[in-house]
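[1] next come a sequence and a model predicted from it.
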Amino acid sequence: DAKTTQPNSMESNEEEPVHLPCNHSTISGTDYIHWYRQLPSQGPEYVIHGLTSNVNNRMASLAIAEDRKSSTLILHRATLRDAAVYYCILSGPNFGNEKLTFGTGTRLTIIP
Amino acid sequence: DTAVSQTPKYLVTQMGNDKSIKCEQNLGHDTMYWYKQDSKKFLKIMFSYNNKELIINETVPNRFSPKSPDKAHLNLHINSLELGDSAVYFCASSLRVKGTDTQYFGPGTRLTVL
């Protein structure tokens, strides 16, 4: 499985933007980049995913480097509720490549 | 409406017992999964089922037996529980068995084996 590397932890002030980096230098041409997050005592929840182009949704934006070897999850205005562990995961579109391999993620702390 | 539900939320039991965890999804998805999150918070896939057929079995001991009576349910039965089975177990579902499909997770079942 292609691996991802994320910082163990990050802090951000409330109501400020947060940029969460992820390196995935061994990504294959068909791998999608997914971001999930896990709030305390809850199951993981989907945040966003993309292949090549930058993506936006109501939760966040995903900026993907041109060579696809890295990506950044952007929370435009962090709230206390965004404190969670954020996981950057690669998975392929083909049958059998659907499993999500979670790494250690980035623990995001929001400072009031 | 809860999309993916699990019961029970907490399960405390003695070593050697047999227990089951139930999972149901009301999203109309074809694919369901079981994940295990250990005390160090590593989250690992155990099984996946597509339309009631086993797709992935990640070298899980055969004391763990998933059962899918229909595509909305994927239960996990564990025989002869061991201390190392203590963890939080998450059920998830996705529309299809494709890596591009979003997985929706349940709230988890915290299993404690004494």
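    Looks like it came in fine. Numbering: from 1, shown residues only, chains lettered A, B, ... in the order given.

[2] can you show me the strands along the chain?
    As the question left the chain open, I've gone with chain A. A:9-13, A:18-23, A:32-38, A:45-50, A:55-56, A:61-64, A:70-75, A:84-91, A:106-111 (DSSP state E).

[3] my bad, chain B
    B:4-7, B:10-13, B:19-25, B:31-37, B:43-50, B:53-57, B:64-70, B:73-78, B:87-94, B:104-105, B:109-113.

[4] closest to chain A out of those?
    If you check each of the strands of chain B against chain A by C-beta to the nearest C-beta, strand B:104-105 wins as the nearest, at 3.3 Å. From N, CA and C alone the C-beta is placed, and that goes for glycine too.

[5] now do that closest one: which elements does it pack against?
    strand B:87-94 (3 or more C-beta pairs under 8 Å, 6 or more residues apart in numbering or on different chains; DSSP states H and E).

[6] neighbouring contacts of the strand it packs on?
    Contacts of strand B:87-94 with the rest of the structure, by C-beta atoms under 8 Å, 6 or more residues apart in numbering or on different chains, involve A:43-44, A:98, B:3-4, B:6, B:21, B:23, B:25, B:27, B:29-39, B:43, B:74, B:76, B:101-106, B:108-111.

[7] cutoff 6 Å now
    A:43, B:4, B:6, B:21, B:23, B:25, B:27, B:29, B:31-38, B:101, B:103-106, B:108-110 (C-beta atoms under 6 Å, 6 or more residues apart in numbering or on different chains).

[8] just for chain B, where's the confidence low?
    Residues of chain B that meet the criterion pLDDT under 70 lie in B:1.

[9] so which bits of it are right by chain A?
    B:43, B:45, B:56, B:90, B:97-100, B:102, B:105-108 (C-beta under 6 Å from any C-beta of the partner chain).

[10] reformat those residues as TSV; add distance to A:Glu15 and neighbour count.
    Below are the residues of chain B next to chain A laid out as TSV (distance: C-beta to C-beta, whole Å; neighbours: other C-beta atoms under 10 Å in any protein chain shown):
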residue	distance to A:Glu15	neighbour count
B:Leu43	30	24
B:Ile45	36	21
B:Ile56	41	18
B:Phe90	31	26
B:Val97	40	24
B:Lys98	37	19
B:Gly99	35	24
B:Thr100	33	18
B:Thr102	28	16
B:Phe105	28	23
B:Gly106	31	27
B:Pro107	29	17
B:Gly108	30	22
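
[11] the strands of chain A: which one's closest to B:Asp70?
    strand A:45-50 (24.3 Å; C-beta to C-beta).

[12] the residue most central in space within chain B and B:Tyr104: what is the separation?
    Geometric centre of chain B, nearest residue: B:Trp34, 3.0 Å, by C-alpha atoms, centre = their mean. According to C-beta to C-beta, to the nearest Å, B:Trp34 stands 14 Å off from B:Tyr104.

[13] cool, and B:Tyr35?
    From B:Tyr35 over to B:Tyr104 the distance is 12 Å, taken as C-beta to C-beta.

[14] neighbour count: the two, which is higher?
    Using other C-beta atoms under 10 Å in any protein chain shown, the more surrounded residue of B:Tyr35 and B:Tyr104 is B:Tyr35, with 26 against 21.

[15] so the more buried one is in contact with B:Ile45, correct?
    Yes - judged on C-beta atoms under 6 Å, B:Tyr35 makes contact with B:Ile45 at a distance of 5.4 Å.

[16] about what we covered before: possible to save the strands of chain B as CSV with distance to A:Leu108?
    Compiled in CSV, the strands of chain B are given as follows (distance: least, C-beta to C-beta, whole Å):
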stretch, distance to A:Leu108
strand B:4-7, 24
strand B:10-13, 27
strand B:19-25, 28
strand B:31-37, 18
strand B:43-50, 17
strand B:53-57, 29
strand B:64-70, 32
strand B:73-78, 30
strand B:87-94, 20
strand B:104-105, 18
strand B:109-113, 23
